[in-house]
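Asker: What follows is a protein structure lacking sequence information:
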């Protein structure tokens, strides 16, 4: 049942946001699929992929990167570290941990899935990278979040063909070890969005792929949602109220408002997904949606500027701020900006 009937819809309001609180990353093109998070009060953004020379419809080649940028609020600027990622990587998961960031999987050049796990950490004034126990399977375009002393990775793809999967893996931060959790119900998917609250891990939307009779790949934007209570055994998934609209490939981790609501700042819906021609692409939908954890209900809470909507990007929540790090603003086109949103405006 639709929880937001047309006759009850409230007038859309523009949610305050800014691209000048944190300056643009010093790369003219920007990136999709970066790894990003805060280490102390410094914002780190690393890796990612883009088309540095030509757009894909002009014959351009997508390039993966190993660069690491650090933003210092005190200096008000970004710096590029001499240190680089061990490999050129993009489209993985980032989790803040102690004095660093854990970088899970993703893909190497030409979309080769990776099982690597790296710990990018700061010791004093020095940045270092340590390799940890690799994941049981190489994964790219998965979703994932930290729940207590565990990191959960769900769905994604582990082959060159980009075949969606339903597998769910759990990494124990204390033991540096992995185990498998029950598969996600519903269709196998890539580019889902995750969220966490207390002991629960959530998966929303995503993209299912199948071939039609002519062998053409058909993308279906999914609207289902699931919860896994990590505090209760045996582990099992609970189906939640469907999303009012698909939000696939949106900011990787939804914002958490006081363990009461998750906020979703855009994503890819079925209608927009039909536009493949950059000349006619309408841009991504600007609506912002809130999910009530207690009520299991959805509501639209406002909009962002349409030109700032972006896909396949990391999101970072730090204190009361939520940051969208670069991302794809149209087919093949990246942004180098950081969109900053004060979550206090949504309470």
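Answerer: Yep, that arrived. Note that the structure is predicted; figures quoted are calculated from it, not measured.
Asker: where does the stretch 201-347 of the chain dip in pLDDT?
Answerer: Within the stretch 201-347 of the chain, not a single segment meets pLDDT under 70.
Asker: Tell me which stretches of it form helices.
Answerer: For the stretch 201-347 of the chain, helices defined by DSSP state H, counting those that start in this stretch occupy the ranges 270-273.
Asker: Strands of that one, start to end?
Answerer: Here the stretch 201-347 of the chain has its strands, by DSSP state E, counting those that start in this stretch, at 207-211, 217-221, 225-229, 237-239, 255-257, 261-265, 287-292, 297-303, 315-318, 321-325, 328-330, 333-334, 338-342.
Asker: Just put the ones you listed in a markdown table and tack on distance to residue 116 and mean neighbour count.
Answerer: Using the backbone N, CA and C atoms, a C-beta is placed for each residue, glycine as well. Formatted as a markdown table, those follow (distance: least, C-beta to C-beta, whole Å; neighbours: other C-beta atoms under 10 Å):
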| stretch | distance to residue 116 | mean neighbour count |
| --- | --- | --- |
| strand 207-211 | 24 | 15 |
| strand 217-221 | 28 | 15 |
| strand 225-229 | 25 | 20 |
| strand 237-239 | 27 | 15 |
| strand 255-257 | 28 | 20 |
| strand 261-265 | 29 | 24 |
| strand 287-292 | 32 | 21 |
| strand 297-303 | 36 | 18 |
| strand 315-318 | 21 | 20 |
| strand 321-325 | 20 | 24 |
| strand 328-330 | 23 | 21 |
| strand 333-334 | 24 | 22 |
| strand 338-342 | 26 | 22 |
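Asker: quick one: contacts for residue 279?
Answerer: Residues counted as contacts of residue 279 (C-beta atoms under 8 Å, 6 or more residues apart in numbering): none.
Asker: That one and residue 28: what is the separation?
Answerer: For residue 279, the distance to residue 28 equals 22 Å [C-beta to C-beta, to the nearest Å].
Asker: re earlier: can you redo the strands of the stretch 201-347 of the chain as CSV with distance to residue 103?
Answerer: Listed next are those as CSV, based on distance: least, C-beta to C-beta, whole Å:
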stretch, distance to residue 103
strand 207-211, 23
strand 217-221, 27
strand 225-229, 23
strand 237-239, 26
strand 255-257, 21
strand 261-265, 23
strand 287-292, 27
strand 297-303, 31
strand 315-318, 14
strand 321-325, 14
strand 328-330, 20
strand 333-334, 20
strand 338-342, 19
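Asker: Which one of these lies nearest to residue 271?
Answerer: Among these, the nearest to residue 271 by C-beta to C-beta is strand 217-221 (8.8 Å).
Asker: so how far is that closest one off the chain centroid?
Answerer: 19 Å (C-alpha atoms, centre = their mean, to the nearest Å).
Asker: contacting residues around the closest residue to residue 285 other than its chain neighbours?
Answerer: For residue 285, ignoring the flanking residues on the chain, the nearest one in space by C-beta to C-beta, 6 or more residues apart in numbering is residue 269 at 5.8 Å. Under the criterion of C-beta under 8 Å, 6+ apart, the neighbours of residue 269 are 221, 245-248, 285.
Asker: ok, the residues you listed vs residue 201, which is closest?
Answerer: Looking across the contacts of residue 269 and measuring by C-beta to C-beta, the closest to residue 201 is residue 247, at 17.1 Å.
Asker: what's the burial count for the closest one?
Answerer: Residue 247 has 29 neighbours, counted by other C-beta atoms under 10 Å.
Asker: From residue 56, how far off is it?
Answerer: Residue 247 is 24 Å from residue 56, by C-beta to C-beta.
Asker: what residue lies at the spatial centre of the chain?
Answerer: Nearest residue to the geometric centre of the chain (C-alpha atoms, centre = their mean): residue 252, 1.7 Å.
Asker: in terms of contact, does that residue touch residue 193 like I think?
Answerer: Yes - counting by C-beta atoms under 8 Å, residue 252 touches residue 193, with 6.5 Å between them.
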